[in-house]
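Peer 1: when you get a sec, could you give me coordinates for this:
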Amino acid sequence: MTPPAAPRSILVIQLRRLGDVVLTVPALEALKKRFPDAKLDFLVESPGAEAVAGHPAIDEILTYDAEGLFGALSWALRIRARRYDCVVDFLANPRTALITALSGAKVKAGPAHVARRWAYNLKLLQSKDTCYAALEKVRWLTALGVKPDPRLWFEPPATFELALELMARVEVAEALLFAARRLVAPLCGWLASRHAATRAVHFTLQHEDHASTGLPLRLSSPSRDEVRFAAVLREVLGHTPLVAPVYGLSLCCNEVEPAPALAMELFPTPRGQQEQQLQLLERLQARLGRTRVLRVSAQPDHRPEHAFALHAFDENLPRCAATGAGPRPLWLLPKPMPIDVRTLTPVSGIERIESGWWEGAWCARDYCVMRDASQALLWVFRPREQPTRWFVQGWFG
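Peer 2: Predicted coordinates for the structure are as follows:
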């Protein structure tokens, strides 16, 4: 099907999905630029009609207000009475395909990759490379003689670097917070433009007669919240002595992660409370040091002294498969203590642990849970090479 050289009237259809309606605007502008003398109408439901109302590329907005098959048939007759030369269906659902097929237009354009392509005599082909949705709609219109804008879309840089020279020399670290926030604000804007977040940034303090001082900043989870960065930065600067006056600051960020859209919450939720706890731990880590705020992770090892590891709070932990072991106490002793089991009452059966031969730390023990006279639960064991001796490994809460 060859499109007419200069259609007198064009109808573009994108009934619903408010985001897709907005992303159709560049295609409308491209059509109006290619056919400036043609009447360009837009068929859309009420929310989308309000979003594009008053746009100069649209001559008339037709607000679709029908329901079901009979409503679509009624609108198809109304569209047919308008005698459009060209109908472009971007939505391609059953209703819009029916309206397009019955429109009576010489050119019925729609996507070639959908099941309802029978409704169109001009198939709009998808581009082979993935691109921005708005640009993809413009590329579909090449079959109508519309050429995409050759200018490249703006893409923010892959890494963020920004420097700031201070108006005066600063000798106290806390006084740098205001200047540092002037670097954090553009960083958060850059992250928002990339739909991303980061958990690590690096500040550099520049001195006149001394080497630069690095200030790494880490969060427990990816974020692009300026207030959150400022809270952690305040703690870091609070315990950072300056080796020399500072005349400049620079900020670098090259670790980013995709960030989902933020959902605002009207009432407190467990998720919001958990985020507050994480932010508190971030500030403690910034104040006390990265090696002072730790968390425990399970390890794939049955031996109690090797079954866990300590990590920095902001460190990504690998997933660990469960070992399928029996009950374990929360309180493990640094070193097992001898005990007389004649005063204890067994609570569980024997659990044998034999492991560590491959690394020269052979462990062969029989463990069980026992109760003492005060009703406390103890985790005790006996070495296989000394079956008459018992030791306490830990206590249950």
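
Peer 1: Ala286: what's it in contact with?
Peer 2: 217, 232-233, 235-236 (Cβ atoms under 8 Å, 6 or more residues apart in numbering). C-betas here are computed from N, CA, C, even on glycine.

Peer 1: check Glu29 too.
Peer 2: Glu29 sits in contact with Ala57, where contact means Cβ under 8 Å, 6+ apart.

Peer 1: ok, now the one 10 residues further on?
Peer 2: With contact taken as Cβ under 8 Å, 6+ apart, Lys39 is in contact with 8-10, 59-60.

Peer 1: save those residues as TSV, and put in neighbour count too.
Peer 2: As requested, those are exported to TSV (neighbours: other Cβ atoms under 10 Å):
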residue	neighbour count
Arg8	13
Ser9	18
Ile10	25
Asp59	14
Glu60	12
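
Peer 1: strands - which of the contacts of Ala286 land there?
Peer 2: The strands, defined by DSSP state E, take in Leu217 from the contacts of Ala286.

Peer 1: just flag the most distant two among the contacts of Ala286.
Peer 2: Leu217 and Glu235 (9.8 Å; Cβ to Cβ).

Peer 1: higher neighbour count, these two?
Peer 2: Each of Leu217 and Glu235 has its neighbours counted (other Cβ atoms under 10 Å); Leu217 has more, 21 against 17.

Peer 1: what are the ranges of the strands in the stretch 151-300 of the chain?
Peer 2: 160-170, 196-207, 213-223, 246-253, 257-258, 294-298 (DSSP state E, counting those that start in this stretch).

Peer 1: out of these, flag the one nearest Trp362.
Peer 2: Here strand 294-298 is closest among the strands of the stretch 151-300 of the chain (Cβ to Cβ), at 21.9 Å.

Peer 1: the inter-axis angle of the closest one versus strand 213-223?
Peer 2: Here strand 294-298 runs at an angle of 50 degrees relative to strand 213-223 (axes from the mean of the first three to the mean of the last three Cα atoms, to 10 degrees).

Peer 1: so what strands line up beside strand 294-298?
Peer 2: If you go by DSSP bridges, strand 294-298 pairs up with strand 308-312 (antiparallel).

Peer 1: buried residues, the helix or strand just after the strand it pairs with. List them.
Peer 2: Using DSSP states H and E, the helix or strand that follows strand 308-312 in sequence is strand 331-339. Neighbour counts over strand 331-339 (16 or more other Cβ atoms under 10 Å) mark 336, 339 as buried.

Peer 1: check which helices and strands the very next helix or strand once past strand 331-339 is in contact with.
Peer 2: Downstream of strand 331-339, the first helix or strand assigned by DSSP H and E is strand 345-346. When contacts are defined as 3 or more Cβ pairs under 8 Å, 6 or more residues apart in numbering; DSSP states H and E, strand 345-346 packs onto strand 363-371.

Peer 1: of all the strands of the stretch 151-300 of the chain, which one comes closest to Leu344?
Peer 2: strand 294-298 (27.8 Å).

Peer 1: show me the contacts for the nearest residue to Leu102 once chain neighbours are set aside.
Peer 2: In space, Leu102 comes closest to Ala76 once its chain neighbours are excluded; the distance is 4.0 Å by Cβ to Cβ, 6 or more residues apart in numbering. Neighbouring residues of Ala76 by Cβ under 8 Å, 6+ apart: 98-99, 101-103.

Peer 1: picking up where we left off before, select, out of the strands of the stretch 151-300 of the chain, the one closest to Phe70.
Peer 2: strand 257-258 (44.0 Å).

Peer 1: okay, now the sheet partners of the closest one, with direction.
Peer 2: Strand pairing for strand 257-258, determined by DSSP bridges: strand 196-207 (antiparallel).

Peer 1: the partner strand vs strand 246-253, what angle?
Peer 2: Using the same axes, to 10 degrees: strand 196-207 against strand 246-253 is 160 degrees.

Peer 1: buried residues of strand 196-207, list them for me.
Peer 2: Buried-residue list, strand 196-207, by 16+ other Cβ under 10 Å: 196-199, 201-203, 205-207.

Peer 1: re earlier: which ones among the contacts of Ala76 lie within helices?
Peer 2: In helices, defined here by DSSP state H, the members of the contacts of Ala76 are 98-99, 101.

Peer 1: of these, which is the most crowded?
Peer 2: Going by other Cβ under 10 Å, Ile99 tops these with 29 neighbours.

Peer 1: dump the residue contacts of that residue.
Peer 2: 13, 43, 72, 75-76, 79, 87, 89.

Peer 1: list the backbone torsions phi and psi for the closest residue to it other than its chain neighbours.
Peer 2: Among residues not flanking Ile99 along the chain, Ala76 sits closest, at 4.6 Å (Cβ to Cβ, 6+ apart). Dihedral angles of Ala76 (phi, psi; degrees, to the nearest 10) stand at phi -60, psi -40.

Peer 1: what residues are up against the nearest residue to His202 once chain neighbours are set aside?
Peer 2: Excluding the flanking residues, the one nearest His202 by Cβ to Cβ, 6+ apart is Cys252, at 4.8 Å. By Cβ under 8 Å, 6+ apart, the residues touching Cys252 are 159-161, 201-202, 204.

Peer 1: any idea which of those residues is closest to His113?
Peer 2: Distances from His113 to these, taken as Cβ to Cβ, are shortest for Thr159 (36.3 Å).

Peer 1: roughly how far apart are that closest one and Ala97?
Peer 2: 46 Å (Cβ to Cβ, to the nearest Å).

Peer 1: can you lay out the contacts of Cys252 as JSON lines showing distance to Lys32 and pLDDT?
Peer 2: Converted to JSON lines, the contacts of Cys252 look like this (distance: Cβ to Cβ, whole Å; pLDDT from 0 to 100):
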{"residue": "Thr159", "distance to Lys32": "39", "pLDDT": "93"}
{"residue": "Phe160", "distance to Lys32": "37", "pLDDT": "95"}
{"residue": "Glu161", "distance to Lys32": "40", "pLDDT": "95"}
{"residue": "Val201", "distance to Lys32": "44", "pLDDT": "94"}
{"residue": "His202", "distance to Lys32": "48", "pLDDT": "95"}
{"residue": "Thr204", "distance to Lys32": "50", "pLDDT": "94"}
